[in-house]
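Visitor: what shape does this take:
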Amino acid sequence: MSIMVGVGRAAGRGILIRKGDALQESSRLDVMVLDKTGTVTEGKPRLVHLECLAEDTWPISLDYDVDKDDWLLAHVAALERASEHPLANALVQASEEKGLTLAQTGIPEVFAGRGLVYEDQGLTWVVGNVRLMDEQGISVSSATKERIDQLSDQGSTVVMVGLQGQLVALLGISDPIKSDSSEAIARLKKAGVRVIMMTGDSERTAQAVAAQTGIDEVIAGVMPAQKSDKVRALQAQGLRVGMVGDGINDAPALAQANVGFAIGTGTDVAIESADITLMRGSLQGVADAMMISRATLRNIHQNLFGAFIYNSLGIPLAAGVLFPLLGWLMNPAYAAAAMALSSVTVVSNANRLRLMKLD
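Guide: Okay, the predicted model is just below:
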């Protein structure tokens, strides 16, 4: 009865518990691992900075009346148009808002967690992070690295653009933090749960977001395929781990975790891999799920303890244990009424879960 009421209370808060043992496991979690994009943040990144580098030494020449920023954005957006990555969507959206459209004539080579490489009309484009630039032999000067650090410290994800083997631009993309993320994280920490943010972003970008939300631990620079390994490593320490994510690349980690929480506004793959779905897309749902789980287990223990005491006293009385001493026997009708009353007590106690405060 308590489980039924608890699951119903969770559903009323937009929390769908899809697997039976998830309610019990949620109460025992030691660590909550949060994906960044779409979980802590809104998942709606926007281009906030475009900076062309070494314009006097660009590897190609443009007509004098061509705006380099617009030309570059149009070409990069065309490369990213086929991608479903949130950062790619931000670039495409920025291009469309400025009325810059350019047809894509081929398919880029995608490097998971790093970026893409594209060759067309004699031009070789490399769009991605520092790791991809290194792999493609594109050097990044110390001055440019300092500029990247400045943008990262502001919480922006920096995308670099290489053209003909030369770094030509920096794109700063920022994803607003959800308005209730800080409060939800504070609730988890108050409940004694260790909170870790895991992201593919750079250490500096991750730390900037963590500082704004009250997260103390960050695992940055994680490749999509490594997320489940990081969860497994925490479990190897004897910890019960919850994982919250919304993307396709979060699915293996959600499945690996003791309890996987999927943001309901995320991908179908993530939702299918998770044990609990947060339909409102808020981290508050994670804290609520843990509070409901803990309250439900307490309620079950109360009912079990009450039933044990009740039956320990009632059954001997109904069996006539006092007859040899006092000559008293319980009327069978009273025994039946007492048994019914015990069921009413259990049901009433379980229904208290409907009225509990979640804090």
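
Visitor: wait, residue 259 sits on residue 26?
Guide: Yes: taking contacts as CB atoms under 8 Å, residue 259 lies within contact range of residue 26: 5.3 Å. For glycine as for every other residue, the C-beta is placed from the backbone atoms N, C-alpha and C.

Visitor: now the common contact residues for the two.
Guide: 242, 276 (CB atoms under 8 Å, 6 or more residues apart in numbering).

Visitor: got the domain boundaries for this structure?
Guide: When the chain is parsed into structural domains using automatic domain parsing, the resulting residue ranges are 14-42+178-289, 46-174, 293-355.

Visitor: and among those domains, the most buried is which?
Guide: Across the domains of the chain, the average number of neighbours (mean count of other CB atoms under 10 Å) peaks for domain 14-42+178-289, which reaches a mean of 21.

Visitor: quick check: mean pLDDT across that one?
Guide: Within the predicted structure, the mean pLDDT of domain 14-42+178-289 is 91.

Visitor: how long is that domain from one end to the other?
Guide: For domain 14-42+178-289, the first and last residues are 10 Å from each other (CA to CA, to the nearest Å).

Visitor: still on that earlier bit, which one of the domains of the chain lies nearest to residue 4?
Guide: Ranking those by proximity to residue 4 (CB to CB) places domain 293-355 first, at 7.7 Å.

Visitor: which stretches of the stretch 51-200 of the chain aren't confidently modelled?
Guide: Judged by pLDDT under 70, the stretch 51-200 of the chain has its weakly predicted residues at 55-56, 63-65, 104-105.

Visitor: who are the packing partners of the strand ranked longest in the chain?
Guide: Once the chain is assigned using DSSP state E, the strand that runs over the most residues is strand 166-174. Applying 3 or more CB pairs under 8 Å, 6 or more residues apart in numbering; DSSP states H and E, one finds that strand 166-174 contacts strand 46-52, helix 68-80, helix 86-97, helix 142-153, strand 157-163.

Visitor: do that again at 6 Å, thanks
Guide: Strand 166-174 sits against strand 46-52, strand 157-163, with contacts defined as 3 or more CB pairs under 6 Å, 6 or more residues apart in numbering; DSSP states H and E.

Visitor: show me how far stretch 72-83 is from its chain's centre.
Guide: 27 Å (CA atoms, centre = their mean, to the nearest Å).

Visitor: same check on stretch 74-87?
Guide: A distance of 23 Å separates the C-alpha centroid of stretch 74-87 from that of its chain, computed with CA atoms, centre = their mean.

Visitor: ok, and what's touching that stretch?
Guide: In this structure, residues lying in contact with stretch 74-87 by CB atoms under 6 Å, 6 or more residues apart in numbering are 37, 43, 45, 88, 91-92, 95, 100, 102, 104, 108, 118, 127, 161, 173.

Visitor: try stretch 203-210
Guide: Contacts to stretch 203-210, defined as CB under 6 Å, 6+ apart, come from residues 149, 152-153, 155, 157, 197, 199, 218, 220.

Visitor: tell me the helices and strands packed up against the longest helix seen in the chain.
Guide: Using DSSP state H, we find that the single longest helix of the chain is helix 284-318. Here helix 284-318 touches helix 2-12, helix 22-26, helix 181-190, helix 332-351, going by 3+ CB pairs under 6 Å, 6+ apart.

Visitor: switch the cut-off to 7 Å
Guide: In terms of contacts (3 or more CB pairs under 7 Å, 6 or more residues apart in numbering; DSSP states H and E), helix 284-318 is packed against helix 2-12, strand 15-17, helix 22-26, helix 181-190, strand 276-278, helix 332-351.

Visitor: element containing residue 201?
Guide: When elements are defined using DSSP states H and E, residue 201 is found to belong to no helix and no strand.

Visitor: residues contacting residue 281?
Guide: For residue 281, the contacting residues are 263-265, by CB atoms under 7 Å, 6 or more residues apart in numbering.

Visitor: for the closest residue to it other than its chain neighbours, phi and psi?
Guide: What sits nearest to residue 281 in space, not counting adjacent residues and going by CB to CB, 6 or more residues apart in numbering, is residue 265, at 4.1 Å. As for residue 265, its main-chain torsions (degrees, to the nearest 10) stand at phi -90, psi 0.

Visitor: how about the one 5 residues further on?
Guide: Reported as degrees, to the nearest 10, the phi and psi values for residue 270 are phi -60, psi -40.

Visitor: OK, contacts around residue 108?
Guide: With contacts taken as CB under 7 Å, 6+ apart, residue 108 has the following neighbours: 79, 116-118.

Visitor: make it 8 Å
Guide: Residue 108 makes contact with 79, 82, 116-118, 125, according to CB under 8 Å, 6+ apart.

Visitor: with residue 216 instead?
Guide: When contacts are counted by CB under 8 Å, 6+ apart, residue 216 touches 195, 210.

Visitor: for residue 259, same thing?
Guide: Residues in contact with residue 259 (CB under 8 Å, 6+ apart) are 22, 25-26, 29, 242-243, 275-276.

Visitor: turn these into TSV, including distance to residue 75.
Guide: Putting these into TSV (distance: CB to CB, whole Å) gives the following:
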residue	distance to residue 75
22	46
25	49
26	47
29	46
242	42
243	37
275	43
276	42
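
Visitor: from memory residue 137 sits against residue 166, does it?
Guide: No: in terms of CB under 8 Å, residue 137 does not count as a neighbour of residue 166; the distance is 10.4 Å.

Visitor: JSON lines please, covering the helices and strands packed on strand 166-174 and showing distance to residue 131.
Guide: Shown next, in JSON lines, are the helices and strands packed on strand 166-174 (distance: least, CB to CB, whole Å):
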{"stretch": "strand 46-52", "distance to residue 131": "20"}
{"stretch": "strand 157-163", "distance to residue 131": "10"}
